[in-house]
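# next comes the sequence, and after it the predicted model I'd like to discuss.
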Amino acid sequence: MISRPQASEAKKIQDQVMLDVLDERDRQDKKWGEQNHDPFTYLTILLEEMGELAKCALHHRFGGPEKFNLREEAVQTAAVAMAIVECLDRKKWKWETPDSSNGKAQG
Ligand SMILES: [Mg+2]
């Protein structure tokens, strides 16, 4: 279907990215088990990963010890985004009620 050399190379890169993201998802599942966070909680987890990715980008641009971890953090960020989609598809998550939270925000 796609015969251009550039497209073939692009597909190889895409395939490797998917393998790396799937490997990261396996690592996350082994570490944390099935996660069924509500969307707000999962967004904070995704933003934490994006923060790590942003730090690597800054170090890559301006120098710093994290400059070599840019791709790894991008894969972790993509894997968390994938985990959110999986969670939504499982339909097991629910909103916490105020009484089921830690209560610290209630004064
Ligand atoms: Mg990370």
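Great, that's in hand.

# so the residue nearest the centre of the chain is in which element?
In the chain, the centroid-proximal residue (CA atoms, centre = their mean) is residue 80; its distance is 2.3 Å. Here residue 80 sits within helix 70-90, counting by DSSP states H and E.

# max-length helix in this structure?
helix 5-32 (DSSP state H).

# and that helix, what's buried?
Going by neighbour count (16 or more other CB atoms under 10 Å), the buried part of helix 5-32 is 20, 21, 24, 25, 28. The C-beta positions use only the backbone N, C-alpha and C, and glycine is treated the same way.

# ditto for stretch 46-55
In stretch 46-55, counting by 16+ other CB under 10 Å, buried: 46, 49, 50, 52, 53, 55.

# centre of the chain to that stretch, how far?
Counting by CA atoms, centre = their mean, to the nearest Å, stretch 46-55 is centred 9 Å from the centre of its parent chain.

# please apply the same query to stretch 55-67.
That offset, for stretch 55-67, works out to 19 Å (CA atoms, centre = their mean).

# likewise stretch 65-76?
12 Å.

# first-to-last residue distance for that stretch?
End-to-end distance for stretch 65-76: 18 Å, by CA to CA, to the nearest Å.

# which residues are contacting it?
17, 20, 21, 24, 49, 52, 53, 55, 56, 57, 59, 60 (CB atoms under 8 Å, 6 or more residues apart in numbering).
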